[in-house]
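Asker: next come a sequence and a model predicted from it.
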Amino acid sequence: MRWERFFDDLEDELASEWEAERAAVETEAERLRLSRVDLRRRLRALAGAEAALVFDLVDGSGLRGAAAGVGADWVSVLPSDGGGAVLVPLHAVAAITAPHPELLRSARAGEEGSALADRMTFGFAVRDLVRRRTPLGVHLISGRRLHGTIDRAGADHLDLALHDPGSARRADAVTGYRVIPYSGVARITLESSDSLRVG
């Protein structure tokens, strides 16, 4: 009788050790999986979600809204206040607030995204705005806000023709020009309700 109990105890102890080892391996596998999840993948999982997100930007401002699309190095946001779409380069995102269930869901995201979206850089999106000739606001990481129309988009900068908000870019309305490195942009706010969506 004592031997049976001794072997039962050994079996229970061995089963507990195996279970603990299996749990440790699963935990380490999950840590390894999470170490490969980048911010873009999490944003893609959050894109289209009903929950409003809050983007804290490096210029000290906050932006509440839904992620509408994600490119190679940017996210488009549809503000909760109903304003125009906002293009935010990822280098300008200081933090993102989201409901806990959405954060957990985004961490479990498995989809890779489209190869096309991965090639759509911030410069690509800005060149699309040049083509549209859309009046917009450019918020710099310094906190300064400029209004105008983007005339040209280079590899790492844009040329902005300055004019009053809400007015079209006409030669007599332009008050000046700025060359702005992409690294200095905190966000670009479209004055219309156009959105920048990416697959």
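Answerer: Nice, I can see it.

Asker: quickly list what the spatially most central residue of the chain is bridged to.
Answerer: Central residue of the chain (Cα atoms, centre = their mean): Val75, 4.1 Å from the mean position. For Val75, the beta-bridge assignment (DSSP bridges) gives partners Val70, Val88.

Asker: can you give me the buried ones in stretch 44-64?
Answerer: Within stretch 44-64, the residues scored as buried using 16 or more other Cβ atoms under 10 Å are Arg44, Ala45, Leu46, Ala47, Ala49, Ala52, Leu53, Phe55, Leu57, Val58, Asp59, Leu63. (Glycine included, C-beta is placed from N, CA and C.)

Asker: so where's this protein shaky on pLDDT?
Answerer: Low-confidence segments of the chain, defined by pLDDT under 70, are located at 1-36, 109-115, 192-199.

Asker: could you pull out the helices in it for me?
Answerer: 2-35, 39-46, 100-107, 115-119, 122-132 (DSSP state H).

Asker: quick revisit: show me what contacts the residue nearest to the centre of the chain?
Answerer: The contact partners of Val75, by Cβ atoms under 8 Å, 6 or more residues apart in numbering, come to Leu43, Ala47, Phe55, Ala67, Gly69, Val88, Leu90, Val93.

Asker: please apply the same query to Asp59.
Answerer: Under the criterion of Cβ under 8 Å, 6+ apart, the contact list for Asp59 reads Ala92, His139, Leu140, Ile141, Ser142, Gly143, Ala186, Arg187.

Asker: quick check, the second one in contact with Ile188.
Answerer: Yes. Using Cβ atoms under 8 Å, His139 makes contact with Ile188 at a distance of 7.4 Å.

Asker: in terms of neighbours, single out the busier of the two.
Answerer: Set side by side, His139 and Ile188 show unequal neighbour counts under other Cβ atoms under 10 Å, the larger going to Ile188 at 27 against 22.

Asker: that one contacts Leu140, doesn't it?
Answerer: No. With contacts counted by Cβ under 8 Å, Ile188 stays clear of Leu140, the gap being 10.5 Å.

Asker: if you drop the residues flanking it in sequence, what lies closest to Leu90?
Answerer: Distance criterion Cβ to Cβ, 6 or more residues apart in numbering; nearest residue to Leu90, sequence neighbours excluded, is Asp73 at 5.1 Å.

Asker: for that neighbour, which residues are in contact?
Answerer: For Asp73, the contacting residues are Arg40, Pro89, Leu90, His91, Thr121, Phe122, taking Cβ under 8 Å, 6+ apart as the criterion.

Asker: so who does Leu39 touch?
Answerer: Applying Cβ under 8 Å, 6+ apart, one finds that Leu39 lies in contact with Leu90, Val93.

Asker: give the contact list for Pro135.
Answerer: Under the criterion of Cβ under 8 Å, 6+ apart, the neighbours of Pro135 are His147, Gly148, Thr149, His163, Pro165, Gly166, Ser167, Ala168, Arg169, Glu191, Ser192.

Asker: partner residues bridging it?
Answerer: Per DSSP bridges, residues listed as beta-bridge partners of Pro135: Thr149.
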